[in-house]
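Chemist: For reference, the sequence and a predicted model appear below.
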Amino acid sequence: MTLSDLFDLSLRGRAGTAALEFGDEVYTFGELDERSNRLAQFLMAQSFAPGDRLCVYLPNCLEIIDIFLACVKTGVIFVPINILYRDRERSHILTDAEPRAVISEEPFSSPAPLWTRAQLLEIMERSAAKRPAVEWDGDAPAGIIYTSGTTGTSKGAVLTHNNFAANALNLLACWQITSSDRLLLALPLFHVHGLGNGLHCWLMSGCRMRLLERFAHQTASEEFLDFRPALFFGVPTMYVRMLEWDASVARKIGSCMRLCVSGSAPLPPAVLNDFEERFGQRILERYGMSETLMNISNPYVGERRAGTVGLPLPGVSVRLLDPAGNSVTHGETGELYVRGPNVFAGYWRREDATASAFVDGYFRTGDLATRSADGYYTLCGRRSDVIISGGFNIYPREIEEFLQEQPEIAEAAVTGVPDPLRGEVPVAYVVIRAGFDEEAVEARCRSALASFKVPRRFVVVDALPRNALGKVQKHLLRAGSEQ
């Protein structure tokens, strides 16, 4: 069974049902099926075969859904490119993936044939609406998702039909998503959060979705009030922005909601608690990666514990190991290793990187975490982010969460900088509110944290550099401080 079979529960089984709102238009599942059939026929006419790659460099739009469905129906591998990437980053992916073609909003220099979105519309009008007859199995690649590449050139994670299916079916069951839900999706579809969670859960459940090109916090409240969604998948920066909305608006929005999910970056406990107080909804935080889709989630029914990412999802096995490969006890920090049907097939054309990423069949995530006695996991940061100061391990997230609890600090990121005596020392980069007093904040840190964890400097910045999903890019902070 492939994704196409699962999507047909909606595309064919609910053909006459309203499926998608984008802009001022509403499309049924049947109309989406027909549109993607036309594009699939065009790909076949261009001699695309299962396993060929098609790169897509588009913002959220109707056509990116057409393209993805056409790829699923023909066995072509969908390769989305971050719309924020520029020539250097984009060129790396095009060279590495070697696509048969590229689809973009506007033309640019490409080693492969390029079609613009406008050309795509003309192509679809001329093509037949018959679904192509192509056979492959669930182990076939469905997409190549390139990692953010913060520690080097990005690698392509090969995700199979089975990977995507296992992930979405888990979320439908564990988060109780059904056709009666209404999903507001503002996440970019070039990322696994929007693609693997949002798009797949929508298509498999048959619920109604409103797709936004992006999350614009100035107008997003109007989208919520007009659409009245039951489901919202977001990143922490979205929820922080939503806390700025008027309390009466927040209550109206919260009264319609059933589930708000946060991921792609750590959610500060203060944001979770403030959001619950303001919207009447307790955010569900979960943990996933480009290479694995979703691994761990707080429960839909049960305690959504602040600061944690919850419990392993069905079929996902998790290990916490020390640097020597030994299991750590409850409360101790270890590196997360995961195994399950959600874990990717490997890195595209990187046999060495794939081999080094797995140990005894478990994928080495590079994320550090602790596990409570009752099985809840708490992320402590990336293995590469650990600060070793005078022989002590410092986990930046602990300091960041404390700083973000201070009323005069809106956001904080902590990183290590070289120190001739201690090797490294922590430095805090903070986005401040009125009344910030560095000496007062430092004094509070000294009263709450071990002395070696207290930031040696507080660097005030206008904003923390983030990627498209809201994850702080600490390497850019370090680079800026060294200039």
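Modeler: Arrived safely, thanks for sending.

Chemist: Quick check: which ranges of the stretch 101-250 of the chain have low pLDDT?
Modeler: Judged by pLDDT under 70, the stretch 101-250 of the chain has its weakly predicted residues at 148-152.

Chemist: If you count contacts, what does the helix or strand hosting Glu34 end up packed against?
Modeler: Using DSSP states H and E, Glu34 sits in helix 29-45. In terms of contacts (3 or more C-beta pairs under 8 Å, 6 or more residues apart in numbering; DSSP states H and E), helix 29-45 is packed against helix 3-11, strand 18-22, helix 62-74, helix 117-126. C-beta: built from backbone N, CA, C; applies to glycine.

Chemist: I figured Arg282 hits Arg305, correct?
Modeler: No: taking contacts as C-beta atoms under 8 Å, Arg282 lies outside contact range of Arg305: 10.2 Å.

Chemist: what residue is smack in the middle of this structure?
Modeler: His193 (3.4 Å; C-alpha atoms, centre = their mean).

Chemist: Okay, that residue and Cys201: tell me how far apart.
Modeler: Noted for His193: a distance of 11 Å to Cys201, by C-beta to C-beta, to the nearest Å.

Chemist: now His330
Modeler: Noted for His330: a distance of 33 Å to Cys201, by C-beta to C-beta.

Chemist: Next, the buried residues of stretch 72-85.
Modeler: 72-83, 85 (16 or more other C-beta atoms under 10 Å).

Chemist: and stretch 137-148, C-alpha only, in PDB?
Modeler: Presented in PDB, the C-alpha positions along stretch 137-148 are these (Å, rounded to 0.1, in the frame of the first residue of the first chain):
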ATOM      1  CA  ASP A 137       5.500  -0.500  -3.100                       C
ATOM      2  CA  GLY A 138       5.500   1.300   0.200                       C
ATOM      3  CA  ASP A 139       9.300   1.200   0.600                       C
ATOM      4  CA  ALA A 140       9.700   3.400  -2.500                       C
ATOM      5  CA  PRO A 141      10.900   6.900  -1.700                       C
ATOM      6  CA  ALA A 142       8.100   9.600  -1.700                       C
ATOM      7  CA  GLY A 143      10.200  12.600  -0.800                       C
ATOM      8  CA  ILE A 144      13.700  13.900  -0.100                       C
ATOM      9  CA  ILE A 145      13.700  16.500   2.600                       C
ATOM     10  CA  TYR A 146      16.900  18.500   2.900                       C
ATOM     11  CA  THR A 147      18.100  19.200   6.500                       C
ATOM     12  CA  SER A 148      18.800  22.800   7.600                       C
END
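
Chemist: Excluding chain neighbours, what is closest to Ser389?
Modeler: Leaving aside its sequence neighbours, Ser389 sits nearest to Arg422 (C-beta to C-beta, 6 or more residues apart in numbering; 4.7 Å).

Chemist: Which helix or which strand is home to the most far-flung residue of the chain relative to its centre?
Modeler: When each C-alpha in the chain is compared with the mean C-alpha position (C-alpha atoms, centre = their mean), Leu421 comes out farthest, at 38.7 Å. Leu421 belongs to no helix or strand when assigned by DSSP H and E.

Chemist: and the helix or strand harbouring Val102, how far from the chain's centre?
Modeler: According to DSSP H and E, Val102 maps onto strand 101-104. Strand 101-104 sits 23 Å away from the centroid of its parent chain (C-alpha atoms, centre = their mean, to the nearest Å).

Chemist: before we move on, what about stretch 236-245?
Modeler: Per C-alpha atoms, centre = their mean, the centroid offset for stretch 236-245 relative to its chain is 17 Å.

Chemist: For it, give me every contacting residue.
Modeler: Residues external to stretch 236-245 that are found in contact with it (C-beta atoms under 8 Å, 6 or more residues apart in numbering): 186, 215, 217, 220-221, 250, 253, 260, 262, 264-268, 271, 274-275, 278-279, 283, 410-411, 466, 470.

Chemist: ok, of these, which come out buried?
Modeler: For the contacts of stretch 236-245, a burial check counting by 16+ other C-beta under 10 Å picks out 186, 215, 220-221, 250, 253, 260, 262, 264, 266-268, 271, 275, 278-279, 283, 411, 466, 470.

Chemist: Please flag which of those sit within helices.
Modeler: Ala220, Ser221, Ala250, Ile253, Val271, Phe275, Arg278, Phe279 (DSSP state H).

Chemist: Most widely separated two among these?
Modeler: Using C-beta to C-beta, the pair of these lying farthest apart is Ser221 and Val271, separated by 17.1 Å.

Chemist: What's the separation between the nearest residue to Glu408 once chain neighbours are set aside and Glu400?
Modeler: If the residues on either side of it in the chain are set aside, Glu408 comes closest to Phe436, at 4.4 Å by C-beta to C-beta, 6+ apart. According to C-beta to C-beta, Phe436 and Glu400 sit 16 Å apart.

Chemist: Can you pick out the residue with more neighbours from the two?
Modeler: Set Phe436 next to Glu400 and count neighbours by other C-beta atoms under 10 Å: Glu400 wins out with 24 against 17.

Chemist: which residues touch the more buried one?
Modeler: Glu400 sits next to Pro266, Pro268, Ala412, Ala413, Val414, Ala428 when contact means C-beta under 8 Å, 6+ apart.

Chemist: hmm, back to that, save the buried residues of stretch 72-85 as TSV, and put in distance to Leu43 too.
Modeler: Output for these, formatted as TSV (distance: C-beta to C-beta, whole Å):
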residue	distance to Leu43
Val72	11
Lys73	9
Thr74	5
Gly75	10
Val76	6
Ile77	12
Phe78	11
Val79	14
Pro80	16
Ile81	18
Asn82	23
Ile83	22
Tyr85	24
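
Chemist: Select, from the residues you listed, the two members most distant in space.
Modeler: Using C-beta to C-beta, the two most remote members of the buried residues of stretch 72-85 are Lys73 and Tyr85, lying 27.0 Å apart.

Chemist: The helix holding Glu34 vs helix 3-11, what angle?
Modeler: Calculated by axes from the mean of the first three to the mean of the last three C-alpha atoms, to 10 degrees, helix 29-45 forms an angle of 150 degrees with helix 3-11.

Chemist: Contacts for helix 29-45, please.
Modeler: Applying C-beta under 8 Å, 6+ apart, the set of residues contacting helix 29-45 from outside is 10-12, 14-17, 19-20, 27, 54, 62, 65-67, 69-71, 73-74, 76, 120, 123-132, 134, 206.

Chemist: What subset of those is buried?
Modeler: 10-11, 14-15, 19-20, 27, 54, 62, 65-67, 69-71, 73-74, 76, 120, 123-124, 127, 131-132, 134, 206.

Chemist: Break down the stretch 301-450 of the chain into its helices, ranges please.
Modeler: Residue ranges of the helices in the stretch 301-450 of the chain, as given by DSSP state H, counting those that start in this stretch, are 351-357, 396-404, 438-448.

Chemist: How much space separates Asp96 from Ala15?
Modeler: Distance from Asp96 to Ala15, by C-beta to C-beta: 38 Å.

Chemist: Kindly report the same for Asp24.
Modeler: Asp24 is 22 Å from Ala15, by C-beta to C-beta.

Chemist: before we move on, what about Arg251?
Modeler: 38 Å.

Chemist: what does Leu272 give?
Modeler: Taking C-beta to C-beta, one finds Leu272 at 40 Å from Ala15.

Chemist: quick one: stretch 427-439 to chain centroid distance?
Modeler: In this view, stretch 427-439 has its centroid 29 Å away from the chain centroid, taken as C-alpha atoms, centre = their mean.

Chemist: Could you pull up phi and psi at the residue nearest to Glu438 when sequence neighbours are not counted?
Modeler: Distances taken as C-beta to C-beta, 6+ apart place Phe458 nearest to Glu438, at 5.0 Å, with adjacent residues excluded. When read as degrees, to the nearest 10, the backbone of Phe458 gives phi -120, psi 110.

Chemist: All good on my end, thank you.
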